[in-house]
Each structure stands twice: as C-alpha cells, then as structure tokens.
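Novice: just need the structure, nothing else, for what follows:
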Amino acid sequence: MSLVAKIHRRFAHLVRELAQFGSVGAIAFVITFAIGNGLHTGLGVGPLTSNGVATVIATTFSYLANRYWTFRHRDRTGLGREYVLFFALNGVGLVITELFIGFSHYVLGLDGAVFFNIALIVGTGVATLFRFWSYKKWVFLPASAPHVDPASGLPEAPADGPAAEGPGATRATGAPGRAPGALRPLDRTAGDYAEL
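Specialist: Presented below is the predicted three-dimensional model:
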C-alpha cells in the first residue's frame, strides 16, 4: 500500500469533517455577511451590533447543521449541554471577529463597507479555525461504544458489574483464545486498520 493511500485512509474522516464543516461555515458566513451588511450599510446600525446580531442568527443555523450533518456520527451528550457550549464557543469566535472589525473601524479609522467586509472576512477566518478545534474538543465528543463480545455480538457487561462475575465472562485483561490486552474489534481505530 502506498504512502499516499495510507495517509488518505488515516485522515479520510478528518477530511470529510473539514469539508462538511467548511460547507456549513460558508453558508453561515453568507448569512452573517448578508444580515451584517443589511443592518450596517442598509439600516445604519453600528458595525459591532450588526455583526453581533448576524452572528447569533448564523450560529443557530450552524449548530443545527453541524449537529445533524457534520458531526452526526459523534456522541450526543444532550441538546442543552451542546447548545450552551456551542454558543459559548461561538461567543469566543464572535469576540475574535469583533476584535478585527473594531480594530479596523475604531483604531485604524477605516470606515466604509469595503473595510468592514475585509475585517469581517479576516476575523471570520481566524475565528473559524478556533471553532473547528473547539467544537471537536468540547461540543461534539468522539463516539464511544461499549465493547462487543465477539461470540454473541452483544455489548459486554462492565468489568465490575454482576454479569462479569459469571462463568465465561470476558474481562478487560483478555478472553479465552485472545492474549491479555489484545484489541477487541471496536477497540481498533481507523489508523489500526490502515496498518493491517
């Protein structure tokens, strides 16, 4: 197997997540751009308020699209928990974008739609990198599945549970016909299979 194929197998899921996340982000950016410009240049609302309102609307869309499309394969840890964390992390992303807009408008004195949009694009780019990293770390957690007994195909009981004490019980240290510490089928990651 070639090095390129090994790298592709190992990182295929990450590339897919990045592509889906990027698609959601592009749509959310269009929402932010349209509403922010409509409020700022069309209605004369201040630049920070315009971007803040637009970001809240785009964030609601982004959460739903990421939860049910980009990260649908990851654990669901409760809609309330995810939503609050998602908005909190988006708040950090909003602050990052607002810093770029505020610096451009209030410090550099660059007024007008062109400079507003340049600051918006640069700030959104930086904030997007932070969002992708933070969503994967704190909001959409990696999928966790119970170990599966190879003979029955059923989830194994916890090692400290009553079912683990019966005859033929499989413990974390191994099972008949398998060396202690050997990986069970669900213990393997995509990287482990790439090396087989």
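Novice: quick check, residue 110 in a strand?
Specialist: No. Under DSSP: H, G, I helix; E, B strand; the rest coil, residue 110 sits outside any strand and is assigned coil.
Novice: give me the neighbour count for it.
Specialist: Counted with other Cβ atoms under 10 Å, residues neighbouring residue 110 total 14. For the C-beta atoms, the positions are set from N, CA and C on the backbone; glycine is no exception.
Novice: list the residues that contact it.
Specialist: Each residue near residue 110 by Cβ atoms under 8 Å, 6 or more residues apart in numbering is listed here: 104, 119.
Novice: what about 10 Å?
Specialist: 103-104, 116, 118-119 (Cβ atoms under 10 Å, 6 or more residues apart in numbering).
Novice: buried among the residues you listed? Need that as a selection in PyMOL.
Specialist: Buried residues among the contacts of residue 110 (16 or more other Cβ atoms under 10 Å), as a PyMOL selection:
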select buried, resi 104+116+119
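Novice: the chain: helices as residue ranges?
Specialist: For the chain, applying DSSP state H gives helices covering 3-37, 47-65, 79-102, 113-134, 190-194.
Novice: which of those is buried the deepest?
Specialist: Highest mean neighbour count among the helices of the chain (mean count of other Cβ atoms under 10 Å): helix 47-65, with a mean of 19.
Novice: who does it touch, helix- and strand-wise?
Specialist: The contact analysis (3 or more Cβ pairs under 10 Å, 6 or more residues apart in numbering; DSSP states H and E) places helix 47-65 against helix 3-37, helix 79-102, helix 113-134.
Novice: what do you get if the cut-off is 6 Å, keeping everything else the same?
Specialist: The contact analysis (3 or more Cβ pairs under 6 Å, 6 or more residues apart in numbering; DSSP states H and E) places helix 47-65 against helix 3-37, helix 79-102.
Novice: mean pLDDT lowest for which of those?
Specialist: Note on the helices and strands packed on helix 47-65: lowest mean pLDDT is at helix 3-37, with a mean of 82.
Novice: quick revisit: now the contacts of residue 110 as JSON lines including distance to residue 88 and pLDDT?
Specialist: Below are these laid out as JSON lines (distance: Cβ to Cβ, whole Å; pLDDT from 0 to 100):
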{"residue": "103", "distance to residue 88": "23", "pLDDT": "94"}
{"residue": "104", "distance to residue 88": "25", "pLDDT": "93"}
{"residue": "116", "distance to residue 88": "26", "pLDDT": "88"}
{"residue": "118", "distance to residue 88": "27", "pLDDT": "93"}
{"residue": "119", "distance to residue 88": "23", "pLDDT": "93"}
